[in-house]
Structure formats: C-alpha cells, structure tokens
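>>> give the three-dimensional model of this entry:
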Amino acid sequence: MRVGLRSLLVCCLFVATGQAASQAEDRPNFLIILCDDLGYGDLACYGNKTIKTPNLDKLADQGTRLTDCYSAAPVCSPSRAGLLTGRTPNRLGVYDWIPEGNVTHLREDEKTVAKLLKGAGYQTGQFGKWHCNGHFNSDLQPQPDDHGFDHWFATQNNASPTHKQPTNFVRNGEPVGPTKDFSCQVVADEAIGWLERRDPEKPFFMFVCFHEPHEPIDSPEDLVTSYPQATKKGEALYYANVTNMDKAVGKLMAALDKEKLDDSTFVFFTSDNGPETLSRYRSAWRSHGSPGPLRGMKLHLYEAGIRVPGIMRWPGHVAKGAVCDEPVGGVDVLPTCCQLAGVKVPTDKTIDGTSMVPAFHCEPIKRETPLHWHYYRSLTEPVSAMRDGDWVVLGIWDLDKKKPRHYQPGDDDVIKNYKLVRFELYNLKDDLGQRRDLSSAEPERLEKMSEQLKGILKGVQQEAPDWTAQTTTSPQKKG
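Next comes the predicted model:
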C-alpha cells in the first residue's frame, strides 16, 4: 500500500530533521495499551474463531493490523522495560520477571518515553500493571513518577487476589484499597477520569497496562456463560477474560471519541509476551491462550513467545483497514513517539528500536541493527534470537542447563558471560511454524547471521549492570 499525497505530506512534516512541530495542537497524543500474556491467536481479527473481541476488531478496521509485531521479551518485566526505554531489556539489567522485594529494577538514569515526552510538555499517566521494580511504592527503588509519569495508578505485579475487585492498587504513592469492578475496567475508568481532568491545552501520553489475561484470572459471570462451547476446565473463564479486556478497550476508545480526540491521538495496542501454558505452574489451569500458527508459548524465544498482536490507529496518518507484515517491536515505541512529538532520541546510550512511522503505510523500516532478544531462562534451548528480513537465527548457549528460578544475586556471572555455540535458522515466510531448521542447508547465511548475533550479544552483556557487585543484601536507595 502506498502513501496518499495528504498523508505523505503529514509524514514528511514529522520525518524531516528539525521540522518537527512545536505547538501542542500539531503534536499527537499517545495512547499505548499493553495487555499481559495475550496470545497471538487470541483475537478474532487474528483468526480466533471463538473469543469475541468486537472492539479490537473495530480498532483494526479503523487502523492497521500488524502481522509481525514483537514484544521486547518473552516475559513481562523485561518486555515493559524495553518498551519504555527503546532498549533491549538485558542492557537495563531487567533479565526476567521481577518478584516483590527483588533487587532488579528499571534504574532512574534510564530515559523512558514518558520522561522524554514530559520534558517536552506532555502530560503523562500510567495505569495498571507496573512491574518494573521489586520494591514497589518504596524509596528503595524508582517508582513510576521517577520515570516521568505525572499520575500513576498501579500494582507491582498482578491484580490481587484476582482480577475481581483487586485490592492492591496504589495511586500516586497512596494505597487505594478495595475496588468494585474487574481489573481492566478499574484501570480503564482511572485512565478515563485522568483524561477528562487533563489540561486540554497540552498533549498527553497514556500508558494503559491491563493485567488481563494473566493469572490469577477471574471474569464477569455473564461473559463466562456466553461461552457454553468452552468445556475444558477454566476455558470459559479465559475466553471471558479476553472479552472483558476488549470491552475495556472499547470504553477507552469511546472516551477518546467523547473528548473529540480520535484524530489527534496515536493508539497502539499490543501484548507484553505470548500466552501462558496450562502446565507451567499449578494455578495456571485457566490459561487457555492461543499461539495461533506459531511455535512456542510465553518464556520461549520461538515466535509465539515474542510475536504478539499489534494494532495501531491514527486517522489520516495510519492506513485504514490495512494489514502490514513489516516487523515492528516494543522497542520501537520510544523512537516512534519521539519522532512524532519532535523530541530527540537519546544518544548517550544504545537505542535498539527504530521509528515505526514507515509502517503507518506498510513501508519498510530501515534498521541499523535487526530486532533481537536475549532471555537466559528460556524454556527451550535458544537463549538469544535475531530477525533480519524473513530470516530468524536462534542461539543456544554453552552451559548444560538454565537457571531454574527468577534472577538472584550471583546470576550476573552467567548472564554477562555466556556464549552462543549452536544455532538454528528459519525462514518465516516459508515456514511460519518454525518446523524446518535450515542451519545445515544455508551455511553462508547461518555464519553471517550467527556472527552478527554473537556480536550484538557481546555488546549487550558488556552494558548490562552487575547487580551482585552493586548490592549485597539490599538495593541502593534512590538518588
């Protein structure tokens, strides 16, 4: 699909160096919606024949559905940190999901998209799951406001005790107490309230992070009973959970329409990683997410662990009703927002993402470095991956086994020093399910891509912090 003249002129306005608009009315607002454990095959517009997602289907019809959208990691905390900073999360020291009280966190010296936009006059709000620190709502580690959010309404990790009337939200440092609805509706209502109270003279950045459909799952009874064909234990609960999240998205879109903000707001909907499995832990019996045609699940570096739904909408700028197969990633959010807002992308640290503006009209994105991922606790052998064009190379490390638990002090030696010694190679255009390893059939391509991946990994490892060296029994305090 080619760019129309009007859209081309608008895009050129943002692309040209030094030509970015400086007035609030010329800069778009941003609404980034991030789901938790939503599978590539969970939405009707991605081929699901059972789960009803009319609001997201409508959003896709109004904008562009991305077939090759990737999270920054195959697990929650790293994925969120990567999206916020535009940096592959191992550079940040966010290697895995962060348990309560853990030393790892998104350090205050990292420049998040919220911090950059706030410095350019944007109003900023974060709503829902945070999961970028172990010491939540504490002065021991940075909190959402330290990363650029004027207003925050968050939980450290999951909605607790379940999605139904969670009790663990904190608003700007103050515990909220019991809530009266399901988590996605609570989050959407808070975001809408903030939207209605905002200063209409200033642009805004909203980061809405639903807990759904992550465990512990609970869903409205009327939605559960709307899936009588779901006969497996927990199946109807999961389907209803995705539909309830879809209803919350519809509520957000209606709020934008009411405030007459549709045409001035760039909306990006995605997931933090692939779907949870039923067997990984005892209470995951409700996790019936679908990887669609992809190989793997959450915690895998095969496609289903990192390829996720992606929908973007901005009337007059993003192609309407389009389907785009250009690869984009969570790390591309920061460069994209910076370009559209006329804000310089930081140059003091490596940025792994690239602006996805060309994909607004399905044009190729030119990357200096291919998209890449590193996860030392992958449930399958590959611990690093890189995509270049239609090709993906996966690297397997030189150790006998992986760490059995989340990051612990002392793991830095492994994470910062492992080497890739074996590789798998796949052509996604011909083999989306990654069933045919072409490493033997394509020796020259394998050598080129594997050497590039090894070089990228080495640079990431050199930049990654050593948490063990920085602390002994407790994390350093802020400041």
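>>> residues in contact with the nearest residue to V343 once chain neighbours are set aside?
Spatial nearest neighbour of V343, excluding adjacent residues (Cβ to Cβ, 6 or more residues apart in numbering): A120 at 4.8 Å. (Glycine included, C-beta is placed from N, CA and C.) Contacts of A120 were listed using Cβ atoms under 8 Å, 6 or more residues apart in numbering, and they are A341, G342, V343.
>>> among those residues, name the ones in helices.
Using DSSP state H, A341 are the members of the contacts of A120 that sit in helices.
>>> ok, what's across the strand from V170?
A154, P175 (DSSP bridges).
>>> offset the numbering so it begins at 3, please.
Got it, first residue is 3 now, which makes that one V172.
>>> which ones are touching it?
F138, N139, W154, F155, A156, T157, V178.
>>> related to what we said a few turns ago, can you redo the contacts of A122 as CSV with distance to L427?
Shown next, in CSV, are the contacts of A122 (distance: Cβ to Cβ, whole Å):
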residue, distance to L427
A343, 39
G344, 40
V345, 38
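>>> out of the contacts of A122, which are buried?
For the contacts of A122, a burial check counting by 16 or more other Cβ atoms under 10 Å picks out A343, G344, V345.
>>> residue contacts, the residue lying closest to the first one once chain neighbours are set aside?
It refers to A343. Closest residue to A343 apart from its sequence neighbours, by Cβ to Cβ, 6+ apart: R29 at 5.1 Å. Shown in contact with R29 (Cβ under 8 Å, 6+ apart): A23, P205, L342, A343, G344.
>>> how many neighbours does the second one have?
What it means is P205. 24 (other Cβ atoms under 10 Å).
>>> are we agreed that L254 is in a strand?
No - assigned with DSSP: H, G, I helix; E, B strand; the rest coil, L254 falls outside any strand and is helix.
>>> with adjacent residues omitted, what lies nearest to it?
L254 sits nearest to A190 (Cβ to Cβ, 6+ apart), 5.5 Å away.
>>> quickly find the element holding the one you found.
In the assignment (DSSP states H and E), A190 maps to helix 185-199.
>>> any idea how far that helix is from the chain center?
20 Å (Cα atoms, centre = their mean, to the nearest Å).
>>> which strands and helices sit next to the helix or strand that comes right after that helix?
Sequence-wise, the next helix or strand downstream of helix 185-199 (DSSP H and E) is strand 206-211. Contact analysis of strand 206-211 by 3 or more Cβ pairs under 8 Å, 6 or more residues apart in numbering; DSSP states H and E lists strand 31-37, helix 115-121, strand 125-131, helix 185-199 as its packing neighbours.
>>> partners of strand 206-211, with directions?
In the sheet, strand 206-211 lines up with strand 31-37 (parallel), strand 125-131 (parallel) (DSSP bridges).
>>> right, so of the ones you listed, which gets closest to M388?
Checking the strands paired with strand 206-211 against M388 by Cβ to Cβ gives strand 31-37 as the closest, at 23.4 Å.
>>> please state the offset of stretch 289-305 from the chain centre?
15 Å.
>>> measure it end to end?
18 Å (Cα to Cα, to the nearest Å).
>>> cool, stretch 67-86 as well?
22 Å.
>>> buried residues in it, which are they?
67-68, 70-86.
>>> now do stretch 261-271
Those would be E261, L263, D264, S266, T267, F268, V269, F270, F271, for stretch 261-271 by 16+ other Cβ under 10 Å.
>>> repeat that for stretch 291-299.
Under 16+ other Cβ under 10 Å, the buried positions of stretch 291-299 are G291, S292, P293, G294, L296, R297, G298, M299.
>>> include pLDDT, neighbour count and distance to P146 when you put the contacts of V172 into TSV, please.
Output for the contacts of V172, formatted as TSV (pLDDT from 0 to 100; neighbours: other Cβ atoms under 10 Å; distance: Cβ to Cβ, whole Å):
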residue	pLDDT	neighbour count	distance to P146
F138	98	22	10
N139	98	18	10
W154	98	24	4
F155	98	25	9
A156	98	26	6
T157	98	23	11
V178	98	16	14
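>>> out of those residues, which is nearest to G435?
Among the contacts of V172, and counting by Cβ to Cβ, the member closest to G435 is T157, at 35.4 Å.
>>> count the residues that sit near the residue lying closest to the closest one once chain neighbours are set aside.
Distances taken as Cβ to Cβ, 6+ apart put N170 closest to T157, at 5.0 Å, once the chain neighbours are dropped. Neighbours of N170 under the rule other Cβ under 10 Å: 19.
>>> could you do T371 as well?
17.
>>> quick one: it is in a strand?
No - T371 sits outside any strand when classified using three-state DSSP, being coil.
>>> ok, now how distant is V330 from S357?
As judged by Cβ to Cβ, to the nearest Å, V330 and S357 stand 10 Å apart.
>>> any common contacting residues for those two?
Common contacts of V330 and S357 (Cβ under 8 Å, 6+ apart): I367.
>>> quick one: buried residues of stretch 392-412?
Buried residues in stretch 392-412 (16+ other Cβ under 10 Å): W393, V394, V395, L396, G397, I398, W399, K404, H408, Y409, P411.
>>> do I have it right that G307 meets T279?
No - here G307 does not reach T279: they are 10.6 Å apart, not a contact under Cβ atoms under 8 Å.
>>> alright, I will stop here.
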